[in-house]
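Colleague: Requesting a structural model of the entry that follows:
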Amino acid sequence: MATMESLIGLVNRIQRACTVLGDHGGEGMSLWEALPSVAVVGGQSSGKSSVLESVVGRDFLPRGSGIVTRRPLVLQLHKIEGQSEYAEFLHAPKKKFTDFASVRKEIADETDRITGKTKQISNVPIHLSIYSPNVVNLTLIDLPGLTKVAVEGQSESIVQDIEMMVRSYVEKPNCIILAISPANQDIATSDAIKLAREVDPSGERTFGVVTKLDLMDQGTNALDVLEGRSYRLQHPWVGIVNRSQAEINKNVDMSNARRKEQEYFESSPEYGHLAHKMGSEYLAKLLSKHLETVIRQKIPSIVALINKTIDELNAELDRIGRPIGVDGGAQLYTILELCRAFDRIFKEHLDGGRPGGDRIYGVFDHQLPVAMKKLPLDRHLSLSNVKKVISEADGYQPHLIAPEQGYRRLIDGSLGYFKGPAEASVDAVHFILKELVRKSIAATQELKRFPSLQSDIATASNDALERFRDESRKTVLRLVEMESTYLTVEFFRKLQTEPERNPNNSNAPNSSSNPNVDRYTDNHLRRIGSNVTAYINMVCETLKTTIPKAVVYCQVLQAKKGLLNQFYSQIGRREKEQLGKMLDEDPSLMERRDAIAKRLELYKSARDEIDSVAWK
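Modeller: Residues are numbered from 1 along each chain as shown. Next up is the predicted model:
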């Protein structure tokens, strides 16, 4: 089996790597949260700082009145052999601190960088690693002291803000709680124990620490607490004797302080029988041993989380795209694949797999008929205009049998109005197709990483749609012109066989049988207008069918079959440098891929290390 030091040291390294990569989760639990650590919780002036310094064996934490710890301090202890002690901050990774007074100053300065020189707090943690032969491998999180009232310079919500910050750490199921309570305070009123009881009612994750045993009133002791009678925990209580303020002011060596602490317990009539289970050195070893046990218990769930995250990261890389090859052939293949992905989505819009194509049908089913219905044919075929056109068609010589030229001019003028709706239909479908191109580009996930290629595809698609629109416009205008160029003869032959009724005498003979009847009477002109209207209505019904067919064939079908055909022929002749420019990625996406790749490497490395260390 792996040694305790190697397993906890591995966890420390993984947690540090997670911190460097900013891998603190998102949705679900992050690897950092899955790895156990120890959160130090206590009220203000409970002796938290002294406990931490005793565990480390160094005087390195800022001190003062009120809230001194205003940001979480993630403290990672790394046991090293045969080397000098030094410390490193995550925010200054290239700087080694060998003077621990400088460490204290850097903690204070880094706190001020976020909170300013105020008494406010911040949940942005400071990450500190200490490498020493005199520590055990351990991750400790020093949290702001719980308080009951806000002091001058603090917001009224400071009490709740600190509690919420502390809870955000201790509520995590893999967090070990180190609850600090001063011996000269009733354990029933301990802020640390109260909070620990709420988040860990079974006490499985809580270690109780009693500080300031040497400051209790004469004749009193903390045996009821230390022996678990006042408040029972699943783990033993540990007593600590902190350095006095005078010793702190005199910079008493920490090794001497530890020796004096041990002497206090061994010589104490009250605590002598517990001396082997008291003191900061024992506490550090106890926590480290428990942490190793918890880590070993959590290994299956940690490995399961790692495997799950690796799968998610691989899927994310597949979604945003893997790195592309650098040779011209690979780049051309990538471009063609991306174009096919876009083209597939564009066709889905047209065929109904995605919304949008149905709007083209709406142009033919609603917009075109409505536009035709609004044409000013009534004005063009009014009695006065019919008379004017018929008269002008005869010239200086009146017609002999029927005003054929007048009919033709009236029909030709009426059909000319249909060019407007026909062209409007072409433009409407063109607009829809352009919108579907835009939507298809946006919906093609593989294209998101290549803004230059997106632009090239959009330009090529819109150029193709312009060509299709021009051809469609020519075709629908030809349809209208063909209707006026060649009239349906049978329709007018049939008109000649129909009797013309006299509105004043329904039994009057057909005026066409009497060549002397004035063909320019209002009744006859109305009949001409009516005949032309009937013919125009017949042609209108035909155009309602043929115009959509022409538009679909010239625009929709061509876009579906060959939207990017010309683009394909162009890129096949481009040089490698030009292809590379087309695959110029979005910088933010490149950063995203790099971040995912680094996280993926971290998780794979963590899995391999856990496998190699945990079961040795």
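
Colleague: quick one: the helices in the stretch 351-500 of the chain?
Modeller: Counting by DSSP state H, counting those that start in this stretch, one finds helices in the stretch 351-500 of the chain at the ranges 358-362, 368-373, 377-380, 383-394, 404-416, 419-443, 451-485, 489-497.

Colleague: actually the stretch 201-350 of the chain, not the one I wrote
Modeller: Secondary structure of the stretch 201-350 of the chain, counting by DSSP H, counting those that start in this stretch: helices at 223-226, 245-249, 254-267, 280-320, 328-351.

Colleague: do the same with the stretch 51-200 of the chain
Modeller: Counting by DSSP H, counting those that start in this stretch, the helices of the stretch 51-200 of the chain are 100-115, 158-170, 191-199.

Colleague: Show residues contacting the longest one.
Modeller: Meaning helix 100-115. Helix 100-115 is contacted by residues 58-62, 70-71, 73, 85, 87, 89, 91-92, 97, 121-122, 124, 126, 128 when judged by Cβ atoms under 8 Å, 6 or more residues apart in numbering. C-beta: built from backbone N, CA, C; applies to glycine.

Colleague: With the second one instead?
Modeller: When contacts are defined by Cβ under 8 Å, 6+ apart, helix 158-170 is touched by residues 39, 41, 67, 72, 119-121, 123, 141, 143-150, 155, 175, 177, 195-196, 199-200.

Colleague: repeat that with 6 Å
Modeller: Applying Cβ atoms under 6 Å, 6 or more residues apart in numbering, the contact partners of helix 158-170 are A39, V41, N123, I141, L143, P144, T147, A150, C175, I177, V199.

Colleague: Pull out the buried members of the contacts of helix 100-115.
Modeller: Neighbour-count burial within these applies to 58-62, 70-71, 73, 85, 87, 89, 97, 121-122, 126, 128; the criterion is 16 or more other Cβ atoms under 10 Å.

Colleague: Narrow those residues to those in strands?
Modeller: Per DSSP state E, strands hold the following members of the buried ones among the contacts of helix 100-115: L73, A87, F89, F97, I126, L128.

Colleague: List just the nearest of these to Q262.
Modeller: Closest to Q262 out of these is A87 (25.7 Å), distances taken as Cβ to Cβ.

Colleague: Now do that closest one against I107, distance only.
Modeller: A87 is 10 Å from I107, where distance means Cβ to Cβ, to the nearest Å.

Colleague: same check, this time on E263
Modeller: Computed as Cβ to Cβ, the E263 to I107 distance reads 31 Å.

Colleague: Looking at these two, which is more packed in?
Modeller: Neighbours per residue (other Cβ atoms under 10 Å) separate E263 from I107, with I107 holding more: 22 against 12.

Colleague: just to revisit the earlier point, so of the ones in strands among the buried ones among the contacts of helix 100-115, which two are at opposite extremes in space?
Modeller: Top of the distance list for these (Cβ to Cβ): L73 and F97, 14.3 Å.

Colleague: quick one: which of the buried ones among the contacts of helix 100-115 is nearest E481?
Modeller: The closest of the buried ones among the contacts of helix 100-115 to E481 turns out to be S122 (Cβ to Cβ; 76.9 Å).

Colleague: Report pLDDT for the residue lying closest to the closest one once chain neighbours are set aside.
Modeller: Closest residue to S122 apart from its sequence neighbours, by Cβ to Cβ, 6 or more residues apart in numbering: I114 at 4.6 Å. Predicted confidence (pLDDT) at I114: the value is 84.

Colleague: same thing with the one 4 residues further on?
Modeller: pLDDT for T118: 70.

Colleague: OK, contacts around it?
Modeller: For T118, the contact set (Cβ under 6 Å, 6+ apart) is empty.

Colleague: tell me the phi and psi of it?
Modeller: Torsion angles at T118 (phi, psi; degrees, to the nearest 10) stand at phi -120, psi -170.

Colleague: ok, back up a step: just curious, which of the contacts of helix 158-170 is nearest to Q367?
Modeller: So of the contacts of helix 158-170, ranked by how close each gets to Q367 (Cβ to Cβ), first place is N123, at 57.7 Å.

Colleague: neighbours around that closest one, how many?
Modeller: Using other Cβ under 10 Å: N123 sits among 15 other residues.

Colleague: Can you tell me how far it is from A39?
Modeller: In this view, N123 and A39 are 13 Å apart by Cβ to Cβ.

Colleague: shaky segments in the stretch 301-450 of the chain?
Modeller: Within the stretch 301-450 of the chain, the ranges that satisfy pLDDT under 70 run 323-328, 383, 391-402.

Colleague: what about 80?
Modeller: Filtered on pLDDT under 80, the stretch 301-450 of the chain yields the residue ranges 319-331, 376-409, 411, 414.

Colleague: Between the contacts of helix 158-170, identify the one with the most neighbours.
Modeller: Comparing the contacts of helix 158-170 by number of neighbours (other Cβ under 10 Å), V41 comes first, having 32 neighbours.

Colleague: For the helix or strand that that residue is a member of, name the packing helices and strands.
Modeller: In this assignment (DSSP states H and E), V41 forms part of strand 37-42. Helices and strands touching strand 37-42, by 3 or more Cβ pairs under 6 Å, 6 or more residues apart in numbering; DSSP states H and E, are strand 138-142, helix 158-170, strand 175-182.

Colleague: list the buried ones in the second one?
Modeller: Put plainly, it is helix 158-170. By neighbour count with 16+ other Cβ under 10 Å, helix 158-170 contains the buried residues I158, D161, I162, M165, V166, Y169, V170.

Colleague: And the fourth one, how close does it get to G572?
Modeller: With distances taken as Cβ to Cβ, M165 is found 61 Å from G572.
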